[in-house]
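> Here is a sequence with its predicted model. Questions after.
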Amino acid sequence: MSCLTSPESDCPVCPDAMKPGSPNRRRNTSLLIQREFSDGRISNVVIDAGKFFYESAMHWFPKYNVQTMDALVITHAHADAVGGLDDLRDWTNNNQESLPIYLRETDLDSVESLFFYLVDRNKQTGGGGVAKLTFETIDDSPFDADGLEMIPLPVEHGRGQEIFGFRFGEVSYISDASAISDSTTELIAGSELLVLDALRPARTHGTHFTLEQAVDEARRLGVKRTLLTDATHDIDHVPVNAELAKLKESEGLDIQYAYDGMEISVEL
């Protein structure tokens, strides 16, 4: 926002992000896993609901015909992952009875401190409807989210701070990370697609991979295709992807930045 309001800003990315359809328009990182069962039912499993979740849902859910949310999986309890939990009332008050949310015990404690009335609906104050959420605590064991096996991928998000990524089928999803352990590397092995945090180029960050570090991780992990996410305005989508495309020619590395609303078909 400051780039758009400061007369001294020379940022090329933020003004471009205001243009309709610009790949530089980035809301909080989230993922929709949509499957169709043999009886015709559509399952919608979402990973994370951050501060801009309602805006994202308004934009993309009609396009992909998302009428219910069948499970919400949380990577960690920072605002970019749970800041939109209050907005879930629109689903549970209108389209469905309740929504199961899968998260670690420590994240539930954080959510309870932020949204006490969502964890205990008896504490609501006001006359508005409150989301009907069912909190299911998880550990590092695989769990089922509306029929989809989710394998937690413990990663470091700042020194000494562990959060989860998740593997489902041949996809490994790590939206926030600064280090990946050998044990988690083993869980990622064999994935066809990796979604990986890559905050910005050059300048190191205590809790996120830089672009260069993410590329090194993609090399090390040996996944067939990598999509980068969680970018700041230091990443200008089109020219940066043009540079990354050169890695496919030189090293056989298929690495690109993802963009909001990107659709990928995978076998699950």
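Ah, there it is. Numbers count the residues shown, from 1 in each chain.
> from here on, contacts and neighbour counts on C-alpha atoms
Noted.
> now the helices for the chain?
With DSSP state H as the definition, the chain shows helices at residue ranges 2-5, 13-17, 53-60, 79-82, 89-92, 105-114, 116-119, 182-188, 211-221, 237-250.
> what does the first one contact?
Applying CA atoms under 8 Å, 6 or more residues apart in numbering, the contact partners of helix 2-5 are 9-11, 14-15.
> Pairing partners for the nearest residue to Ser181 once chain neighbours are set aside in the sheet, please.
Nearest non-adjacent residue to Ser181, counting by CA to CA, 6 or more residues apart in numbering: Val155, 6.7 Å away. Taking DSSP bridges as the rule, Val155 bridges to Ile163.
> what separates Val155 from Asp140, distance-wise?
Using CA to CA, to the nearest Å, one obtains 11 Å as the distance from Val155 to Asp140.
> The two: which is more packed in?
Val155 (24 against 13; other CA atoms under 10 Å).
> Pretty sure the more buried one sits against Tyr173.
No - using CA atoms under 8 Å, Val155 makes no contact with Tyr173, being 10.9 Å away.
> The nearest residue to Leu227 once chain neighbours are set aside and Phe115: what is the separation?
Nearest non-adjacent residue to Leu227, counting by CA to CA, 6+ apart: Val195, 4.8 Å away. Distance, Val195 to Phe115, by CA to CA: 29 Å.
> Skip the chain neighbours and tell me the closest residue to Lys51.
Residue nearest to Lys51 in three dimensions, not counting chain neighbours: Gly83, with 4.3 Å by CA to CA, 6+ apart.
> Switch the helices of the chain over to a markdown table; also include mean neighbour count, mean pLDDT and distance to Phe164.
As requested, the helices of the chain are exported to a markdown table (neighbours: other CA atoms under 10 Å; pLDDT from 0 to 100; distance: least, CA to CA, whole Å):
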| stretch | mean neighbour count | mean pLDDT | distance to Phe164 |
| --- | --- | --- | --- |
| helix 2-5 | 12 | 90 | 31 |
| helix 13-17 | 17 | 90 | 29 |
| helix 53-60 | 16 | 94 | 19 |
| helix 79-82 | 21 | 96 | 12 |
| helix 89-92 | 18 | 91 | 25 |
| helix 105-114 | 16 | 97 | 11 |
| helix 116-119 | 18 | 93 | 21 |
| helix 182-188 | 14 | 98 | 10 |
| helix 211-221 | 18 | 96 | 17 |
| helix 237-250 | 13 | 97 | 26 |
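> Alright, I will stop here.
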